[in-house]
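K.L.:
Build me a model from this:
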Amino acid sequence: MSTDAIVLLKEDHKEIRRLFREFENTGERAKATKGRLVKKILEALTVHTYIENECMYPEVRRLMPEVEDDVLESYEEHHVADVLCMELATMGPDDERFTAKVTVLIENVSHHMDEEESEWFPKVRAGVGRKQLQDMGARMLEMKKKAPRTPAQPSALKKAVDAVLA
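P.N.:
Numbers count the residues shown, from 1 in each chain. Predicted coordinates:
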């Protein structure tokens, strides 16, 4: 298994997209299935954003100050997804706005992943050495083991982001 940070993040993106497709292909009457899928989506997104926010983004920001605006935009895109995830964690598939909220989450996260893969990852690949990407990836794999599995409460998330940005 590769420990290249970009390869690992792309593998996460692939799994998240698979879960999104599975949700979208689930019929309206299969509410229990939708509920289980959303729990899987929330866990996958929580772990993924954790390793990006705590490892990838700060490390790339330090190594490549020229991409700081991209990193800050990514933090804000994560914030929007985190708010949606926190709201979905308190809802069930019978809630009137459940499917609509999941649809908005899918649209926002899909845009974010597409942008990362087409614009940001190539910049990082060109500006960060192979060894550094492998070291980052190894740290991210370790962090995944201890990463939160459910969306953070707003105060905990704000503290984490503020600490990274300080």
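K.L.:
Hmm, Leu105 is touching Glu87, no?
P.N.:
No - counting by C-beta atoms under 8 Å, Leu105 stays clear of Glu87, with 9.2 Å between them. Where C-beta positions appear, they are placed from N, C-alpha and C, glycine not excepted.
K.L.:
So between these two, which is more surrounded?
P.N.:
Using other C-beta atoms under 10 Å as the criterion, Leu105 and Glu87 rank with Leu105 on top: 23 against 15.
K.L.:
which ones are touching that one?
P.N.:
Applying C-beta atoms under 8 Å, 6 or more residues apart in numbering to Leu105 gives the contacts Ile41, Ala81, Leu84, Cys85, Leu88.
K.L.:
and which of these is nearest Thr150?
P.N.:
Cys85 (8.6 Å; C-beta to C-beta).
K.L.:
what about Leu72, which helix or strand?
P.N.:
Assigning secondary structure by DSSP states H and E places Leu72 in helix 68-89.
K.L.:
Could you check the angle the next helix or strand after that helix makes with helix 68-89?
P.N.:
Where DSSP H and E defines the elements, the next helix or strand beyond helix 68-89 is helix 98-115. Taking axes from the mean of the first three to the mean of the last three C-alpha atoms, to 10 degrees, helix 98-115 and helix 68-89 form an angle of 160 degrees between their directions.
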